[in-house]
Structure formats: structure tokens, C-alpha cells
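Novice: Provided below for reference: sequence and predicted model.
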Amino acid sequence: MSFSIGAVPVAAASPFVTMVGTYRIVTPPPPLLSTTSSNSNSNSILHHHQSSSHSSTTLKVSPNYSTPLTTKNQTQPNSPINLPDALVSFDWMLNSRSGRCNVRSLNKLLGSIVKMGKYRTVLNLFEKMQLSGVEVDACTINIAINCYCHLNRVDFSFGLLGSIFKRGCVPDSFTFNTLMKGLFAQRKSSEASKLFVKLVGEKLVEPDVFTYGTVINGLCKSRNTKAAIKLLRNMEKNNFEASTHCYSMIIDSLCKDRMVGDAKSLFDEMIEKGISPNVVTYTSLIQGLCNGGLWEDAIGLLSEMMEKKVSPNVRTFNILVDALCKEGMVQDAHDVLKVMVERGEVPDTVTHNSLIERGCTKSYEALKLLIKLVRERKIEPDLVTYGTVINGLCKSGDTKAAIELLRGMEKHNFESGDIVHSYTAIIDSLCKEKMVSDAMSLFAEMTEKGLSPDVVTYNCLIQGLCNFGRWKEATTLSKEMMERNVFPDVYTFNILVDALCKKGMVQEAEDVLEVMIERGEIPDIVTYNSLIKGLFAQDKSSEAKNLFLNLVRERKTEPDAVTYGTVINGLCKSGDIKAAIELLKNMGKHNFEAYEMVLSYNAIIDSLCKDGMVKDAMNLFSEMTEKGICPDVVTYNSLIQGLCKDGKFEIARNFFDEVFSTGLQPNVRTYTVMISGLCQEGLFDEAKELLVRMEECGCVPNDVTYRVIVQGFLKGSQFHEALLLVEKMVGRGFSLDTSTSSMLLDTLSTREEDPTVLEMIHNFVPKDK
């Protein structure tokens, strides 16, 4: 009987036991974890094997001499001796003249050292054996092959394979399992599959359960789940019994491929065939369901597995706790935690990290849970725990508490690079809270302690300095980071370009752009947006337009909605509304979201209204709504002001009412514009009522609002009311501007006979007037 992987036919074989996901299943000696590969070497070795197979004997490598499926560089619990003792024993055996130096004993000792993960040491001892004249056997070579594979040198492993043939032996399935798994681990799935097909198709070696396990596992990990399923089907078709582990690996792979429906179908199928899912199977499917947002199904599956006497492990519960916290169902997450404890599973740091990061809506809740974690549960928080709480405290503005927690974190033996991230979070928070000097002090503390700030740390500090106009210090800091071999990224350069453009130093910004390109950093659209905006701000509209046109023509960097909005706004301010409208039409040909178009429409509508082209502005507003682009409060402000100036007050009033009916929140400008319109229409009582209503709605009038209403009342000869408003204005800490003061003085010259008015004017008009 035969089957195929892809289009290549291979023979069928028996079931296997191996790894699924990150879980270690107890098995006889499996193949290695990770290697590099050499396809040409593998083909030449196989050719040699074919020509010498008739006179060869098959080597059977004892499982006692192989390595367990582990990559930990630590002595395993079942290791009989430690490394120093093993090395002493090796030297004694190698130099012994009493007959103790037999290759079998040395192989056993090498196997023990392999279990410790000391692969380079084993290879050194292997070389020492050869130099000492010890006749190594195929088993010794197999051990060396395995070690090379663990060290990602599968090419050397294929070279050693030739030594087995020279000794007239045929490598067994374990040797090829190791090589194939190494190829898969190095993402050489095609080469590994070809090797498997050649072995089985040409009957070079009889595959065992681990051979098939290696291939299925490798196909799944290389995201070729379809081929893994095909291999599973052919195994069953040819009367090979697929195990729970076979199904578990494929279910896990399907879930990782977001094919949860197919995974659930395969899960149901295995139950129908009488193959019992284990904790790994259930956990993989629960993870897939949670990743797909199907947490209710996941909880149902948890209940089902417990009913079937399959005990969930810590990972199973952690998956559910994390998923529920992500959904905001914190109480349900705590309920799962309760079940977890009741079943004797001890919550670990991962459990609590989920509750801290996602289950605490406020930073103080996270901090309380962290304290509880340390004091009551006696579980040592890890770096993620501390980092999560520090980030939460920073985001909530409690930087002081974050710094205190950082001090506690430093008492632990975390790697310096890990602590840097927490320092960076606090530095960023201090900069956002306008405490740049404190951020600089913390930065200096980092370097004094021997901690190396990374590019993110520098970016946060440079951004903070630029936000407060300290661009010279920011530039100095950028030079310092390069001197320390911390290379600026695109974000670093973008911060500097934007800061310089805002300062009107466009030439200096262009110089930074040149340095950016020289250092191999490719400017992105954010870089160009800052430059275009800076050029328009310096009345260099021609250069700004050329820069934009070059972006469009060269297609190196695709303009985004912000780019179009910046150019359209610049064109409007430079008086080229016609070009702005043409560009808006061109913008509509792109697949921008409706909300991304609002700023561009607003710029043109505002410009049209200011130029007295209110009818055109109204038409553009209608076009905007017809296309499903929702106007915002800025759109309405421009139209209301334009209509009031154009004498179309009633239409303006309708738009003002529409702001409320559409659910938008009017801002200070909305009310101020409408109050101005009411004063122009002589509706002074309504203007005063709107001022009161404005405050009742939580919108506090500013100095412009008071100036508008005072001047409106003065123009309408409402002198006494105007002076009362001035009194209220001054009482709130606002001062009269020059134009309002002049109007009051003009009033003084016409109303000298009114002593009350005279006294009030002298109280409010600046003394130098």
C-alpha cells in the first residue's frame, strides 16, 4: 500500500507519540529539535547507501544512548551524574589500561552528557576519542550527529553519516528521524519531505512510529496542515492506527491557522472513532476557540473534558482566564480561577499576569493584586508582572507610584535589558506629564547604573524635549545616541523633522532628512507629511506642491489621507481653492475611509465660507453627506459663521440646531459663532440666554466669547448690559483686548452725562488708555 505527501507517493506505516505544541509527551528517544540542513549532502549519502546496501548490516541504536526531547542546558532530573563527574569518568575510562575503555561504556557516558544539553562538550569528547585511537562505532556517530543537529549544523551531521556507511553499517530510522526533524526545524520542510519520500518510497529504511510523527509534526509546524491531514488519512486508509497525539498535533495546527471549525470537526471525528482526546487535545482546541472569540464554546469544552475525567492543567485554565479578561468578563475569569484552585492546580505567574494586565480596569487594582500576589500567595512576580503594572500606572498618570514600583523591581535579579523597558515607560510618562527635566534625571540615573537606553528610550526623551521647544537638546541627544551605537530609527528622525518644521526651520529639517537617507533609513509618509506642512507654513507652497507631486509620481511612498488633507489645507490658505477642489476629487478616487475625508472637506468648506462663496460651500456640504461622509462640529462651525456673515441667519440657526440633533457636541467656537450671529440680528436676549445655556451644557466661555458678545452689545447700543458682561468677564480672570477697550472709550465720549457708565468704564479700561 502507498500514499503521498503532495504529489509524491510513499508507503504507509504505524502510529507514533511525539510533541504537540509546547507540551512534552513521554516517548522513546525522539529526533532533535532544531538544525540547519544540506540537501545535496543528504542526496549523496542516500546514493552511497543504495550502492552498498547489499553488503551492509542494519545498525540498531539503543534508546539508552540517545538524547531526550529537550533543549534546556540543564542537567535533567534523571541524569545519573553531573558534568564534572562525567568528565572525570570519561578521562579515567579513556586512559584506563585495565580494559575498561570500551566504546559501549563511553557511549553511555556521552548519552548522559547529552541529556544535560552539553552538546559542544559531547562533540569535543567525540573528537578526543578519535584522537586517542578509540574505535568509535555507529552508535557513537549517531550521538555526534544528534549533537550537531542540536547546534544547528545538520550539514555536519550529514557529513558524519558517511562514517556509518564506511563501517559497513546501515543507519537506522532514529538517525534519519533526527536529520528530518532538524530539516523541519530549520524551515526546510521541502527537503525534509523529500528525504522522507526517498527513504520510504525506495525502502531504504523501515519507518517507525517516530518517523511518521516527525513528518506530521514538521508539516504542522511549517504551516502545511493540509499535507499533514493527507498523511493522516493515508495512514488510516492503509490500516495504520492514528493515535491521540497525531490528531492533537493537527488540531493544534488547524487552530493556529485560525481554522477552528475544521479543528472542531476533526476533534468530533476522533471521538467517533473511539480515540480519546487528552489534555493536550482539549487545551489546543480551547486555545483556538478563545482566539476566535468563542469563549462560551471554550468554557463548554472545559466542562466536557472534566466530565470525561480529563484533568485540565495550568495552561488550560490560563488560556480561559486570559480570554475572559480580554472580553472584560473579569468576574467570570475569577470564577475559572476558583475552579482551578479547587481542582488542585496552583495559579502561576502567567495566570496573575492576565488578571493584572487585562482584568484590572484601574491601575490601583493592578497594584493591589500585585501586592496580594507577593504577600499572600507567595508567588514571585516576573518581569511581565512588574512591567504590566508599571505601564498601567504610567498610563493612568500615577508616575510616582510607577517609580516606587521600579525601585522594588530593581531589588530582583532581572536582566538589565529587561529593566530598561520599565525605565522607558516611566520616562515616556514623565515627558507626557510635562516633567521633562525629571525624565532627563531618570535617564541620567539609567546610564549611571550601567543600564543601556535603547532607541525607544531615546525616542521618548527626544519627543518630550521637542514638544517643549527644546529642539537643540533633542538634536544633541540624537547625536549622543549614535555615539553610543544606538541607531536612530524612522521614528527618531520623524520626531526631529516634525519639531524643526514646527519651528519654521524647514531647511534644517531637510538636512535631517538627508542624514536619515545616508544612514539607510527610508523616510515614510509621516516624514513627508511634516515637511509638506512645514513648507506651506513658510509660504513655500510651490515647493510643497512639488514634493507632493514627486511622491505621487515616484510611488516610493504612497500619500495617505493626512498627506492629501495637509496639501488641500495648504492650498486653501494660499488662496488656491480651485486646485484644492481638484485634489479633493482625485482623493475621492482612492479607497480612503469616510472619516479620513472629513478634514479635507472641512478645509475647503471653511475657505469657501471665508471668501464669501457660501453657496459653493453648501453644495460641497451636500456632496459630503451624499457620499456618506459625516460632517463634524468643525464643518458646522464654518457653515454657521459663513451663513451669519452672508445674512442667512435663519439657515445658520437651523444648522446650529442640527448639531444637537445629529448627536455632535458643540464646542466653544460653535456657541461663540452663534452668539455673534444673534447679536448681529439684534436678538440680544437670545444671545444672553445662549451664553447661560452654553455654561449649563458644560462648555465654558473663553475670552473670545466674551469679546464677541460685549462688542455685539456695544454695537447694538446695549451699553448697560455690555458693561455687566464686562464685569462678569473681568471677574473670571479675562482682560479686555485693545479693540473692546477702544469701543468702550468711544462709548465714554458719547455718554459723558451718565455717571454710572463713566464709573464702570474707568474701572475696566486699562489705565494707560
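Specialist: Noted; the coordinates are in hand.
Novice: pLDDT weak spots in the protein?
Specialist: Across the chain, the ranges flagged by pLDDT under 70 are 1-81, 97-101, 238, 240, 357-379, 416-418, 747-769.
Novice: Leu664: neighbouring residues, count only.
Specialist: Neighbourhood size, Leu664 [other Cβ atoms under 10 Å]: 17. (Glycine included, C-beta is placed from N, CA and C.)
Novice: That one touches Thr635, doesn't it?
Specialist: No - between Leu664 and Thr635 there is no contact under Cβ atoms under 8 Å: 9.4 Å.
Novice: So Phe414: helix, strand or coil?
Specialist: Secondary structure of Phe414, reduced to three states by DSSP: H, G, I helix; E, B strand; the rest coil: coil.
Novice: Equivalent analysis for Ser735, please.
Specialist: coil.
Novice: OK, contacts around it?
Specialist: Asp703 (Cβ atoms under 8 Å, 6 or more residues apart in numbering).
Novice: any idea how far it lies from Lys688?
Specialist: 22 Å (Cβ to Cβ, to the nearest Å).
Novice: quick one, helices of the stretch 151-300 of the chain?
Specialist: Secondary structure of the stretch 151-300 of the chain (DSSP state H, counting those that start in this stretch): helices at 154-166, 173-185, 189-201, 209-221, 225-237, 244-256, 260-272, 279-291, 295-307.
Novice: Can you mark which positions in the second one are buried?
Specialist: The one in question is helix 173-185. Neighbour-count burial for helix 173-185, with 16 or more other Cβ atoms under 10 Å as criterion, is recorded at 173-185.
Novice: now swap in the third one and tell me
Specialist: Residues of helix 189-201 classed as buried by neighbour count (16+ other Cβ under 10 Å): Ser189, Glu191, Ala192, Ser193, Lys194, Leu195, Phe196, Val197, Lys198, Leu199, Val200.
Novice: Over to stretch 148-165?
Specialist: 148-158, 160-161, 163-165.
Novice: Ok, stretch 623-642 next?
Specialist: 624, 629, 631-642.
Novice: ok so, going back, from the buried residues of stretch 148-165, which is closest to Arg555?
Specialist: Set against Arg555, the nearest of these by Cβ to Cβ is Asn152 (40.2 Å).
Novice: if we can go back for a sec, can you say which two of the buried residues of stretch 623-642 are spatially most distant?
Specialist: The span of the buried residues of stretch 623-642, defined through Cβ to Cβ, is set by Ile629 and Gln641 at 20.4 Å.
Novice: what's the neighbour count on the residue lying closest to Glu327 once chain neighbours are set aside?
Specialist: Closest residue in space to Glu327, ignoring its immediate chain neighbours: Trp295 at 6.0 Å, by Cβ to Cβ, 6 or more residues apart in numbering. Around Trp295 there are 20 other residues, counting by other Cβ under 10 Å.
Novice: can I assume Trp295 is in contact with Asp322?
Specialist: No - with contact defined as Cβ under 8 Å, Trp295 does not count as touching Asp322 (10.1 Å).
Novice: doesn't Pro559 make contact with Asp524?
Specialist: No - between Asp524 and Pro559 there is no contact under Cβ under 8 Å: 11.3 Å.
Novice: Give me the more crowded residue out of these two.
Specialist: Using other Cβ under 10 Å, the more surrounded residue of Asp524 and Pro559 is Pro559, with 19 against 15.
Novice: re the thing from before, need the helices of the stretch 151-300 of the chain in TSV (columns: distance to Leu496).
Specialist: Converted to TSV, these look like this (distance: least, Cβ to Cβ, whole Å):
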stretch	distance to Leu496
helix 154-166	46
helix 173-185	43
helix 189-201	45
helix 209-221	43
helix 225-237	47
helix 244-256	41
helix 260-272	46
helix 279-291	40
helix 295-307	45
